[in-house]
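Trainee: Structure, please.
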Amino acid sequence: MKETRKKILIVNKFLFPNGGSETYIFELGRQLEKMGHEVQYFGMEHEGRIVGNRVESYTSDINFHEKGIKKILYPFKIIYSIEAQKKIRQVLDDFGPDVVHLNNFNFQITPSIIYEVRRWEKKAGKKILLIYTAHDYQWVCPNHMLKIPAKNELCFQCQGKNFSCCIKNKCIHNSKIRSILGTLEAELYLFLKTYNKVDCIICPSNFMKEKLSVNPLLAGKLVVLYNFIDKVKDTNNEVQDYVLFFGRYSEEKGVNTLLKVCDSLPDVSFVFAGGGPLKEKISRHNNIKDMGFLEGEKLKTVISNSRFVVFP
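Mentor: Got it, this is the predicted structure:
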């Protein structure tokens with residue numbers, strides 16, 4: 001039976017190469033287009049943006065680590081974004097998608113877009129399938145990592161229903177203010193049952209499904225679908241004696257643990273391919289060669305030439 005061509009709007013806060021979720025949406029979008037579907041994207045504007053939508057409608061870039069007067073308004077923007085609501089409406093009016101595929105959107109874009117999709121759906125008289133791919137534990141843990149960063153301890157205290165421990169442990173950037181805001185965001189959307197408006201939640205692992213299922217509103221909507229990867233073909237190049245890590249340079253990806261391994265094996269050569277907040281820390285190790293962010297054939301070559309590969 002011939003597959004019906006669909007219009008698919010992929011939503012993610014970053015529309016430039018930034019980490020794993022961005023790699024996922026770019027590859028997914030390309031695959032969907034190969035299958036004959038029409039794909040557009042919605043997220044924040046950024047000078048490095050590589051995908052977009054026909055009406056060029058995006059939210060303004062929010063960087064929580066920058067300084068300046070704009071930061072005063074951030075507490076109001078990360079709970080409910082009127083700007084995101086208006087901007088996505090322009091895309092919906094022009095594109096009229098059959099599917100809206102949510103990815104990372106909390107804080108910078110906010111769940112305001114969920115309400116706008118459902119409002120537009122009623123106004124247009126057209127059913128939209130609203131799908132969410134969970135790249136982290138945001139919907140059951142305000143800091144999205146199931147971890148107390150200051151103590152470097154795994155934590156399951158919130159369990160998707162009582163988020164006050166986030167404030168007590170200062171789980172978001174070790175900041176009381178940010179942890180309060182994150183807790184308010186989590187409590188608000190739990191009270192409003194906002195995430196119940198999503199039709200299906202894709203989990204890339206059984207562990208993710210298990211942890212998200214603690215929220216009964218999510219439990220019946222969860223499916224496991226592993227992230228796909230391109231097959232790396234064997235090359236005629238001789239395998240080289242290095243261990244390769246590719247992914248985001250961040251604590252939640254296990255990079256600090258890997259750096260301890262690098263310290264304990266000073267005679268072993270490591271190659272890192274990626275980028276992130278721990279980049280400077282990686283540069284201090286003499287047995288690590290940082291290749292930066294790689295994709296496509298360059299990444300495939302580095303993978304095929306390595307003796308061992310580690311990825312998060």
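
Trainee: Next, count neighbours for residue 98.
Mentor: Applying other C-beta atoms under 10 Å, we find 17 residues neighbouring residue 98. (Glycine included, C-beta is placed from N, CA and C.)

Trainee: My understanding was that residue 203 contacts residue 134; is that so?
Mentor: Yes: the pair residue 203 and residue 134 passes the contact test of C-beta atoms under 8 Å, sitting 5.4 Å apart.

Trainee: Tell me the residues that contact both of the two, please.
Mentor: The contact sets of residue 203 and residue 134 overlap at residue 212 (C-beta atoms under 8 Å, 6 or more residues apart in numbering).

Trainee: how much space between residue 291 and residue 249?
Mentor: Using C-beta to C-beta, to the nearest Å, residue 291 is found at 12 Å from residue 249.

Trainee: Compare these two (neighbour count), which wins?
Mentor: A side-by-side neighbour count of residue 291 and residue 249, using other C-beta under 10 Å, places residue 249 first with 24 against 16.

Trainee: In terms of pLDDT, where does the more buried one sit?
Mentor: Note for residue 249: predicted pLDDT of 90.

Trainee: That one: what's it in contact with?
Mentor: Here residue 249 is in contact with 255, 272, 274, 275, 276, 277, 278, 279, 282 (C-beta under 8 Å, 6+ apart).

Trainee: at 10 Å what do you get?
Mentor: Taking C-beta atoms under 10 Å, 6 or more residues apart in numbering, we find residue 249 in contact with 19, 255-256, 258-259, 272-282, 290, 293.

Trainee: And residue 174, by the same measure?
Mentor: 148, 149, 150.

Trainee: again, but for residue 160
Mentor: The neighbourhood of residue 160, defined by C-beta under 10 Å, 6+ apart, consists of 137, 139-141, 186, 190, 195, 211-219.

Trainee: and which of the residues you listed is nearest residue 171?
Mentor: Set against residue 171, the nearest of these by C-beta to C-beta is residue 141 (8.0 Å).

Trainee: For the residue lying closest to the closest one once chain neighbours are set aside, grab the count of nearby residues.
Mentor: Leaving aside its sequence neighbours, residue 141 sits nearest to residue 158 (C-beta to C-beta, 6 or more residues apart in numbering; 5.2 Å). Neighbour count of residue 158, defined by other C-beta under 10 Å: 22.

Trainee: roughly how far apart are residue 158 and residue 99?
Mentor: 30 Å.

Trainee: Please apply the same query to residue 20.
Mentor: 22 Å.

Trainee: One more: residue 146?
Mentor: 29 Å.

Trainee: With residue 239 instead?
Mentor: From residue 239 to residue 99 the distance is 42 Å (C-beta to C-beta).

Trainee: Low-confidence stretches in the protein?
Mentor: 1-3, 63-76, 229-237, 311-312 (pLDDT under 70).

Trainee: Show me where the stretch 51-200 of the chain has its strands.
Mentor: 99-102, 129-133, 147-148, 153-154, 200-203 (DSSP state E, counting those that start in this stretch).

Trainee: just checking, residue 78 touches residue 188?
Mentor: No: taking contacts as C-beta atoms under 10 Å, residue 78 lies outside contact range of residue 188: 11.1 Å.
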